[in-house]
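J.: One predicted model, sequence on top.
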Amino acid sequence: MRVIVAEDSALLRQGLARLLDDFGIEVVAELPDAERLLELVVAQRPDAVLLDIRMPPTHTDEGLRAARAVRARCPGTGVLLLSQYVETGDPVRALARDPRGFGYLLKDRVADADELLDALRRVATGGSAVDPRIVERLMNRARPGDTLDALTPREREVLGLMAEGRSNEAIARRLRVSGKTLETHVRSVFGKLCLEPTPDDHRRVLAVLAWLRV
């Protein structure tokens with residue numbers, strides 16, 4: 001896998017590059033801002049870009065705008081956004097519009113190498129990845145008459161993992177249940193939320209995020 005890392009903190013940028021290199025992932029460029037990101041993506045055609053949402057000069061949405069530009073110009077390149085804060089506004093709305101090859105993790109997640117690499121591989125192969133704490137924030141929004149109350153604790157776990165972009169196979173492994181049992185839970189979740197069941201992971205993430213009203 002070939003990756004571009006864009007992060008304004010030199011310490012974190014270098015740490016990410018070293019971590020990826022240790023796992024056999026080629027870092028083709030390291031950037032302190034998003035100014036030349038699109039240019040380098042077009043030239044290098046990496047499998048994925050790992051970038052901070054808040055980049056110089058204003059540290060507001062430069063990374064998110066760069067991600068949109070990369071996805072528009074090079075849709076085959078996965079984008080994994082990093083954020084210091086739990087933000088459920090523009091980043092999640094951008095993900096909900098088209099989750100293919102797009103992910104969003106909190107920066108403290110990079111301390112878990114397996115979690116980071118799994119998310120990076122998923123977006124690089126056209127999947128999606130959403131930080132569990134982002135999903136938790138969305139699911140815990142107070143709403144009158146919320147049909148989430150109709151879900152069992154296990155079904156809430158399944159819904160959360162689907163919203164993270166995980167496949168049925170990955171969810172079954174995480175919960176240590178059989179594929180058949182997991183399919184029963186998924187059907188029940190979709191039925192209780194009045195969502196159309198679909199085997200397509202991208203459409204499923206879209207449906208779940210739309211129901212969570214991002």
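T.: Good, I have the coordinates.
J.: Kindly provide the distance from the residue nearest to Ala17 when sequence neighbours are not counted to Arg45.
T.: Nearest-residue entry for Ala17: Val27, 4.6 Å, with adjacent residues in sequence omitted and distances by CB to CB, 6 or more residues apart in numbering. Where C-beta positions appear, they are placed from N, C-alpha and C, glycine not excepted. Going from Val27 to Arg45 by CB to CB, to the nearest Å gives 14 Å.
J.: More neighbours: which of the two?
T.: Val27 (20 against 12; other CB atoms under 10 Å).
J.: hang on, Val27 in a helix?
T.: No. Assigned with DSSP: H, G, I helix; E, B strand; the rest coil, Val27 falls outside any helix and is strand.
J.: any idea of the pLDDT on the residue nearest to Ala17?
T.: pLDDT recorded at Val27 is 97.
J.: dump the residue contacts of the closest residue in space to Gly179 that isn't next to it in sequence.
T.: Excluding the flanking residues, the one nearest Gly179 by CB to CB, 6+ apart is Ala172, at 5.3 Å. Ala172 sits next to Ser178, Gly179, Thr181, Leu182 when contact means CB atoms under 8 Å, 6 or more residues apart in numbering.
J.: Arg122 too?
T.: Gly78, Gly103, Ser128, Ala129, Gly165.
J.: ok so, going back, in ChimeraX, select just the buried ones from the contacts of Ala172.
T.: Of these, the buried ones go into a single ChimeraX selection, burial set by 16 or more other CB atoms under 10 Å:
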select :182
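J.: got any ranges where the protein has weak pLDDT?
T.: For the chain, the stretches flagged by pLDDT under 70 are 88, 92, 95-96, 141-146, 199, 202-203, 206-207, 210-211, 213-214.
J.: That one: helices as residue ranges?
T.: 10-22, 37-44, 62-73, 90-97, 113-124, 132-139, 153-163, 168-175, 179-192, 201-211 (DSSP state H).
J.: looking at those helices, which is closest to Asp52?
T.: helix 62-73 (5.0 Å; CB to CB).
J.: Tell me how far that closest one lies from the chain's centre.
T.: 15 Å (CA atoms, centre = their mean, to the nearest Å).
J.: quick revisit: the residue nearest to Ala17 is in contact with Gln14, isn't it?
T.: No. Contact criterion CB atoms under 8 Å: Val27 and Gln14 do not qualify, at 10.0 Å.
J.: measure the closest residue to Ala113 other than its chain neighbours to Cys74 for me?
T.: Once flanking residues are discounted, Ala113 sits nearest to Leu19: 6.0 Å by CB to CB, 6+ apart. Per CB to CB, Leu19 is found 24 Å from Cys74.
J.: okay, now the domains of this protein?
T.: As assigned by automatic domain parsing, the chain contains the domains 2-130, 141-211.
J.: ok, the spatially closest residue to Arg204 that is not a sequence neighbour - how many residues close by?
T.: Closest residue to Arg204 apart from its sequence neighbours, by CB to CB, 6+ apart: Thr198 at 5.5 Å. Thr198 has 12 neighbours, counted by other CB under 10 Å.
J.: And for Thr184?
T.: Using other CB under 10 Å: Thr184 sits among 13 other residues.
J.: Can you measure across stretch 94-109, start residue to end residue?
T.: 20 Å (CA to CA, to the nearest Å).
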